[in-house]
Structure formats: structure tokens, C-alpha cells
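Chemist: Build me a model from this:
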Amino acid sequence: MTIRILVLILALAAPFKLAAQEAEAPLFTDYDALRTALDGHMTSLNLQAAYAEILPNNAVNEAQLAQAEQLFRQALPEGLTGSSVLRREEFEGGFTRELIGYYSGARYLFVFLQYHAREDGVAVFTLNVSEQLQRAMEGF
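Modeler: Here you go, the predicted structure:
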């Protein structure tokens with residue numbers, strides 16, 4: 001991959017910040033169910049599917065998201081092979097924010113999540129995806 005393509009990816013793959021609006025966030029049965037869904041989409045670079053499942057009621061620029069997904073797939077044709085929670089902060093009342101790093105070799109993609117573990121499940125209200133760690137960490 002040339003530097004030119006990398007610069008283009010970084011420029012077009014700005015984090016997609018979404019916050020809960022009037023529609024209620026979908027519930028996952030628990031944190032493991034959330035991570036199973038997220039990990040499946042992220043390791044295969046299905047950004048559109050990740051947003052559709054995790055934050056289906058939020059507005060996102062579909063064209064920009066599709067373009068970012070295409071660029072990530074070109075840069076990482078093998079997908080991402082692993083993940084680690086880089087930082088987690090838990091707050092009162094079941095609220096958590098978390099930074100997850102996905103990787104394959106020396107290539108990385110970062111996800112910033114904010115969610116609420118409730119009695120009836122886990123609701124995600126923020127999902128940011130970025131190839132740049134600094135941008136992903138802006139939520140902390």
C-alpha cells in the first residue's frame with residue numbers, strides 16, 4: 001500500500017460519531033453478545049453491517065461509510081485477525097466507555113464504544129470507528 005492510499009484512507013475514514021436520538025438503542029442480551037456481533041463485523045471489515053446492527057436507528061452518512069469500508073477492505077484484504085480491549089472505564093449505574101483495538105499484523109482499526117448495561121440487556125449509544133488511535137481516544 002502506498003503512502004498516498006494510506007493518506008486517502010485516513011482522510012476519508014474519519015470517526016463516525018453517533019449519539020442516541022429519539023429512537024431507543026437496540027438491546028444485546030449481555031456484553032458477550034455485543035462483542036460477538038461487533039467482533040464479527042469488525043474482523044471482516046463490515047462497517048455498514050456493524051452500524052446497522054449496533055446502532056440501526058441512528059443517522060449515518062451511508063455513502064461515506066461505504067467508501068470507508070471499501071478503502072479498509074482494499075488496505076486490509078485479509079481482514080483483521082485479533083482484538084484487545086485497550087481501555088475501559090466503568091461508571092455508576094452500568095455505564096461504560098471502551099476502546100477496542102482490532103489488528104492484523106501491523107495494521108490496526110480502533111473502535112470507541114459507550115454503552116449501558118441494564119437489567120434487560122446492553123444498549124450501545126456511541127460507536128466510533130477510526131484507523132487513527134488519537135481520533136478513537138477522543139472519547140476519553
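Chemist: Who are the packing partners of the lengthiest strand in the chain?
Modeler: The residue-count maximum for a strand in the chain (DSSP state E) belongs to strand 107-118. Applying 3 or more C-beta pairs under 8 Å, 6 or more residues apart in numbering; DSSP states H and E, we find strand 107-118 packed against helix 31-43, strand 95-104, strand 121-130, helix 133-136. Backbone N, C-alpha and C define where each C-beta goes, glycine included.
Chemist: Which strands border that strand, and is each parallel or antiparallel?
Modeler: Here strand 107-118 is paired, per DSSP bridges, with strand 95-104 (antiparallel), strand 121-130 (antiparallel).
Chemist: what angle sits between that strand and helix 31-43?
Modeler: 160 degrees (axes from the mean of the first three to the mean of the last three C-alpha atoms, to 10 degrees).
Chemist: buried ones in stretch 39-58?
Modeler: 39, 41-43, 45-47, 50-51, 53-55, 58 (16 or more other C-beta atoms under 10 Å).
Chemist: Farthest pair within the residues you listed?
Modeler: Using C-beta to C-beta, the buried residues of stretch 39-58 reach their maximum pairwise distance at T43 and N58, which is 22.4 Å.
Chemist: Can you tell me which of the helices and strands packed on strand 107-118 is nearest to L71?
Modeler: Of the helices and strands packed on strand 107-118, nearest to L71 by C-beta to C-beta is strand 121-130, at 12.1 Å.
Chemist: need the helix or strand of this structure with the lowest average pLDDT.
Modeler: Within the chain, no helix or strand scores below helix 3-12, which has a mean of 40 by mean pLDDT, DSSP states H and E.
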